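Asks: coordinates only, sequence not included:
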């Protein structure tokens, strides 16, 4: 019965995502560049549209935003993060 219920949920989820402008996997592939502000505008708009209507991706995106901000606040002078990567992260904060 659990398998039948899980398969039914899969169908319901597919139906909910039918009108979503971009597949979840594709949107998630672009989130890092989106957060860094380096994603081309057309793709960024598609990611934004996806996040507006997707029932599952917004909480994942919110967690990534929190992690992104946490990294930007990290200012450890003994860090092993290369200086150019650190500067890029700090410039986005």
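Replies: Yes, it's here. No experiment lies behind these values; they were computed from the predicted model shown. Residues are numbered from 1 along each chain as shown.

Asks: can you tell me which helix or strand of the chain has the lowest average pLDDT?
Replies: helix 2-16 (a mean of 62; mean pLDDT, DSSP states H and E).

Asks: I'd like the next helix or strand past it.
Replies: Following helix 2-16 in sequence order, the next helix or strand is helix 24-36 (DSSP states H and E).

Asks: just the angle for the helix or strand just after that following helix relative to helix 24-36, thanks.
Replies: Next in sequence after helix 24-36, counting helices and strands by DSSP H and E, comes helix 41-53. In terms of direction (axes from the mean of the first three to the mean of the last three Cα atoms, to 10 degrees), helix 41-53 departs from helix 24-36 by 110 degrees.

Asks: tell me what the helix or strand following helix 41-53 is packed against?
Replies: As assigned by DSSP H and E, the chain's next helix or strand after helix 41-53 is helix 57-73. Helices and strands touching helix 57-73, by 3 or more Cβ pairs under 8 Å, 6 or more residues apart in numbering; DSSP states H and E, are helix 24-36, helix 41-53, helix 83-91. For glycine as for every other residue, the C-beta is placed from the backbone atoms N, C-alpha and C.

Asks: relative to helix 24-36, how tilted is the shortest one?
Replies: Between the direction of helix 83-91 and that of helix 24-36, the angle (the same axes, to 10 degrees) works out to 90 degrees.

Asks: now do the buried residues in helix 83-91.
Replies: Buried residues in helix 83-91, counted by 16 or more other Cβ atoms under 10 Å: 86, 89.

Asks: tell me what that helix is packed against?
Replies: For helix 83-91, the packing partners by 3+ Cβ pairs under 8 Å, 6+ apart come out as helix 57-73.

Asks: okay then, goodbye and thanks.
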